[in-house]
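Q: Please work out how this folds:
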Amino acid sequence: MAARHSFAALSLLIAIFAHNCYAEESTGLAVSGSPFKNDLAYMFYKEGSQIGAETLNATLRAYDDSKCLRDIDRISQALDEYYEWAIEFPDTWGRLPVGLMWGHALSFGAYEECLAASWQFSEDDVLRGQYCLARVPIKKYMDEIKPRESTVQARISYKYQKPEVFELGICIPSSCSAELGNQILTGVMNKYYDAGITSTMIAEKYCKYEQPVTLRGIDIFAIVFFSFIVFCMLASSVYDYIKTKNNEPKKPLFIAFSVLTNAPKIFTVKKSNNPNVIQCLNGLRCFSMMWVVFGHGYMTFYELPHINKDKVYTWIQTPYSMLVQNATLCVDTFFFMSGLLMLWGAFREMERTKGKLNLGMMYFHRYIRLTPVVAVVILYIMSLYKYSGHGPMWMKIGTQDERCSDTWWATLLYVQNYAFPKKICISQSWYLAVDTQLYVLSPLILIPLWKWGKKALAPIILLGVLCMGGTFATFMIWKFTLFRVDDDHVDDRQRWTYYPTHTRVPTWLIGVIFGYFLYTKNRGKQIPLAKKWVITGWVLAFGVMLADMWGPYWRILPDTPDAPIIEGAFYEPLSRASWAIAIGWIVWACYNGHGGLINDFLSWGFFTGFSRLTYCMYVIHRIVQLVNGGRIQTDTHFGDYEMVLRWWHDFGISLTLSIFATLAFEAPILGIEKAIFGHGQSKPVPKKIEPTSAPTPAEKTDTEVTVEVAKA
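A: A predicted model of the protein is given here:
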């Protein structure tokens, strides 16, 4: 029994704000029968004015916090008299959490109740609540805990560490500065809990109180801009409706924003036997987009206030977790498709122009296709994003606008993967940068292939091998491990092996080479293949993909030795290349009639419509996830089922916003470009644009296909 009570007391000390510790010392502070008896929040107000006054005279001469001390004293007196408005202040503080031994090292309290807490003494004298997220050091207490002797104590792949900080939600008067609040809290905890705290627990950026909304210039511009776009959509749609009803010709520029014209381009699906259309790419693209949202969702899910936080460390060792740990392979699917469709579209143009490329129009069209949606998302992040959520988690993860403040221009120039690899404005936009840079350099590959054919393949293959060797060497030099979760240099790993363009060249070149043979030897016809070889091809393709996905799984099992550095150095470039080759087989087999049910499913009309939304969804979905995660104000539970529910949540909102973004920005840009560079009047029902057809650079680049999805 004595041991049990000792452990309980130690647990209360860990939390630093137990209800019953040091009762003898604080009995005089509490009202008989008070629900806050011996509580840290109550002591803060009973002792705050005295401790604060001593601190103010000693160290805080630069601050005028006299009103803060007066407000604390007012709350203290009102607590003695059981006033409801005063009880709200300590009532909103965090308390001892459930699951501390499972890593639940936080207690948010009641954020909204704190901000709403107030009392008006006079017209000019109103006491309001201010919520702060204090970071209480608990390392010395955690270090004193004697862990149980257990046979399940084993190596876990994720870098587990005991919590060193306990995040405690507190409510103090809005008149208090963060510094004075910190001094009072430190004084109370050191006096009554012998905490010995010297570090800063309360910082200004982690404090929030109700303030009138003051719109900045960029906020007003954003509101006016988005309102103008909605007006254009309404006006253009009305114009389109009237002209259609009267069977009159329409001016293309006037219907560029028309929902009546643009919506059919998204939702109308027609079967096409065009040899320039690779239907199965729609399904590959859509499934990969779902995978992207799923993988990114886990990135945000990790950060949520899970009551069973430590479950993450054992989850890492499950086979299911490999869908997340190796989700980066979907990036190689899209680099493969990027290379394939870039070559396909360019060769169609060069065939028409006898080997010439209009580079100016190629680059202009790509930039004008990509940038409007990206620019709109950047505008939203830098303006209205800050009004999209609030709460304790928003203080922790709702900081995307800070990342964009200095780096937005690099995103618009598509150089963010090199200029700011650790502070990318739209985190997943690194892919857009890489794909754009490869597109800019593509003539160096296209022109030799067009002129010399197979003779140009040798240097192209050599380039890919050299880039794979560069990734191998980087792993060896930096000592990167097989899995990111094992790595002590995750940021450096992303910077040197994930974001750089040269590390993505091999899979892109595999797509280029595959596209070359598909275009020159296979376009418009089906190559027969014996059934036994078809089966062999499918078995090998799926075998390679399964090996890439789950092959390294055994390395994260508790009894398996850590992987040597060289193993990760080989796996990283080879898994990317082999995955791209396997995707190449799927595309080839489906195109040549050897796909069976797989081709029927991947070519399903639903995927054709959905695929037209994936670019906007790719650019938007991460912001949706951050907003959804940042708005959480209560404890959550970590589990795969909970993550699936959250995936549907994020996916549904992202899909809805993508429909709007496509109709408001992406489709109108195509309409405006057509009105400026095209000829003639538009037809009442515009011709559908096949998203997987290989377009000519003057009309439509591979961008529509390849930048729609990626993994950041």
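Q: you'd agree His131 is in a strand?
A: No, residue 131 isn't His; it's Tyr. Yes: under DSSP: H, G, I helix; E, B strand; the rest coil, Tyr131 sits within a strand.
Q: now the most centrally placed residue in the chain, nearest residue through space, not along the chain?
A: Closest residue to the average C-alpha location of the chain: Arg622 at 3.7 Å, with C-alpha atoms, centre = their mean. Among residues not flanking Arg622 along the chain, Gln428 sits closest, at 5.2 Å (C-beta to C-beta, 6 or more residues apart in numbering). In short, each C-beta sits where N, CA and C put it, glycine included.
Q: give me the number of residues near the one you found?
A: 19 (other C-beta atoms under 10 Å).
Q: where's Lys309 relative to Phe638, distance?
A: Here Lys309 is placed at a distance of 7 Å from Phe638 (C-beta to C-beta, to the nearest Å).
Q: Likewise for Arg216?
A: For Arg216, the distance to Phe638 - C-beta to C-beta - is 37 Å.
Q: Of these two, give the one with the bigger neighbour count.
A: The neighbour comparison of Arg216 against Phe638 (other C-beta under 10 Å) goes to Phe638, with 19 against 11.
Q: and that one, helix, strand or coil?
A: Once three-state DSSP is applied, Phe638 turns out coil.
Q: doesn't Thr314 make contact with it?
A: No: if you go by C-beta atoms under 8 Å, Phe638 and Thr314 don't touch, sitting 10.2 Å apart.
Q: Buried residues in the lengthiest helix in the chain, which are they?
A: When the chain is scanned for its longest helix (criterion: DSSP state H), the result is helix 217-245. Using 16 or more other C-beta atoms under 10 Å as the test for burial, helix 217-245 gives 219, 222, 226, 229, 233, 236-237, 239-240, 243-244.
Q: same question, stretch 165-178
A: Across stretch 165-178, burial judged by 16+ other C-beta under 10 Å covers 166-178.
Q: Let me know the average pLDDT across that stretch.
A: Taken as a whole, stretch 165-178 has an average pLDDT of 94.
Q: Tell me how far it lies from the chain's centre.
A: 29 Å (C-alpha atoms, centre = their mean, to the nearest Å).
Q: again with stretch 342-351
A: Distance, centroid of stretch 342-351 to centroid of chain: 34 Å (C-alpha atoms, centre = their mean).
Q: for stretch 267-284, same thing?
A: Here the centre of stretch 267-284 is set off from its chain's centre by 30 Å, with C-alpha atoms, centre = their mean.
Q: same question, stretch 426-433
A: 11 Å.
Q: Just the mean pLDDT for stretch 568-576, thanks.
A: So the average pLDDT for stretch 568-576 ends up being 96.
Q: now what about that stretch, what contacts it?
A: The contact list for stretch 568-576 (C-beta atoms under 8 Å, 6 or more residues apart in numbering) reads 326, 329, 332, 467-469, 471-473, 475-476, 480-483, 497, 503, 506-507, 548, 551-552.
Q: Can you say which of the residues you listed are buried?
A: Going by neighbour count (16+ other C-beta under 10 Å), those have 326, 329, 332, 467-468, 471-472, 475, 480-483, 497, 503, 506-507, 548, 552 buried.
Q: Poorly predicted segments of the stretch 451-600 of the chain, please.
A: Applying pLDDT under 70 to the stretch 451-600 of the chain flags the ranges 486.
Q: no no, the chain
A: 1-38, 55-64, 149-159, 271-272, 486, 678-712.
Q: Break it down into its domains, please.
A: 2-146+161-208, 228-267+287-706 (automatic domain parsing).
Q: Could I get those in JSON lines, plus columns for distance to Leu281?
A: Formatted as JSON lines, these follow (distance: least, C-beta to C-beta, whole Å):
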{"stretch": "domain 2-146+161-208", "distance to Leu281": "43"}
{"stretch": "domain 228-267+287-706", "distance to Leu281": "4"}
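Q: Those: which one's closest to Asn274?
A: If you check each of the domains of the chain against Asn274 by C-beta to C-beta, domain 228-267+287-706 wins as the nearest, at 6.3 Å.
Q: centre of the chain versus that closest one, how much separation?
A: On C-alpha atoms, centre = their mean, the centre of domain 228-267+287-706 falls 14 Å from that of its chain.
Q: what do you get for stretch 132-141?
A: For stretch 132-141, the distance to the chain centre is 28 Å (C-alpha atoms, centre = their mean).
Q: What are the contacting residues of that stretch?
A: 10, 13-16, 105, 108, 162-172, 178, 181-182, 185, 189, 196-197, 199, 201-203, 206-208, 392, 395-396.
Q: What residues of that stretch count as buried?
A: So stretch 132-141, judged by 16+ other C-beta under 10 Å, has buried residues 132-138, 141.
Q: tell me which of those is nearest to Thr261?
A: Leu133 (49.3 Å).
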